[in-house]
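Enquirer: here is the input, now give the coordinates:
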Amino acid sequence: MTEPMLRPFRPDDAPWLVERHGTLYARDEGFDHTFAPLVARILDDFVAGHDPDRERGWIAEGSGHRLGSIFCVAATGPTAKLRLFLVDPKARGMGLGKSLLRTCMDFARDAGYRDMELWTHESHRAACALYAAFGWHLTESKPVHSFGVDLVEQSWRIRL
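Expert: Numbering: from 1, shown residues only. Okay, the predicted model is just below:
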């Protein structure tokens, strides 16, 4: 596999992102059929109306294959939201997650955001360890029933 590179998200990446999220979260987390449509709505909203100066998405590619994604979108005021962070299992352990996270955070800082927030699940231990290593702080954790399974939702935040 060639060294993965990051490129801007294109609308034709959306079907892959929806499929990968749906397939991997069903396989690894037991999520039901309601998760992939949520990803599709997030992407539809991004494609339809994002501000390219303040919102951006990236796709990681290697050897002509999509391997991961991350998005920076506006939340409220000076806060950006990290969304759709995914590293395909075949590309894990290559430093791709670090590269995606660094790129997204650098963009948010350069776009004038003062902080970032994200929403995830406690079961994503590798991603949560990466957030902590980059200086993010867990701000909330609560049990929920979502996507057909019992989960522990987490909110994280970082000052840029």
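Enquirer: can we go C-alpha only for contacts and neighbour counts from here?
Expert: OK.
Enquirer: now the strand or helix carrying Ala129: buried residues?
Expert: Per DSSP states H and E, Ala129 falls inside helix 125-133. For helix 125-133, a neighbour-count test (16 or more other Cα atoms under 10 Å) marks Ala127, Cys128, Tyr131 as buried.
Enquirer: got a list of contacts for it?
Expert: By Cα atoms under 8 Å, 6 or more residues apart in numbering, the residues outside helix 125-133 that reach it are Gly97, Lys98, Glu122, His137.
Enquirer: now go through these and say which are in helices.
Expert: For these, the ones inside helices are Gly97, Lys98, with DSSP state H as the criterion.
Enquirer: by neighbours, which of the contacts of helix 125-133 wins?
Expert: The most crowded member of those, judged by other Cα atoms under 10 Å, is Gly97 (23 neighbours).
Enquirer: so, low pLDDT: which residues of this structure?
Expert: 1-2 (pLDDT under 70).
Enquirer: repeat the analysis, applying 90 as the threshold.
Expert: 1-4, 63-64, 91-94, 123-126 (pLDDT under 90).
Enquirer: please, where are all the strands along it?
Expert: 5-8, 56-62, 65-74, 79-87, 115-121, 137-146, 149-159 (DSSP state E).
Enquirer: tell me which strands and helices the shortest one is in contact with?
Expert: For strand 5-8, the elements it packs on are strand 56-62, judged by 3 or more Cα pairs under 8 Å, 6 or more residues apart in numbering; DSSP states H and E.
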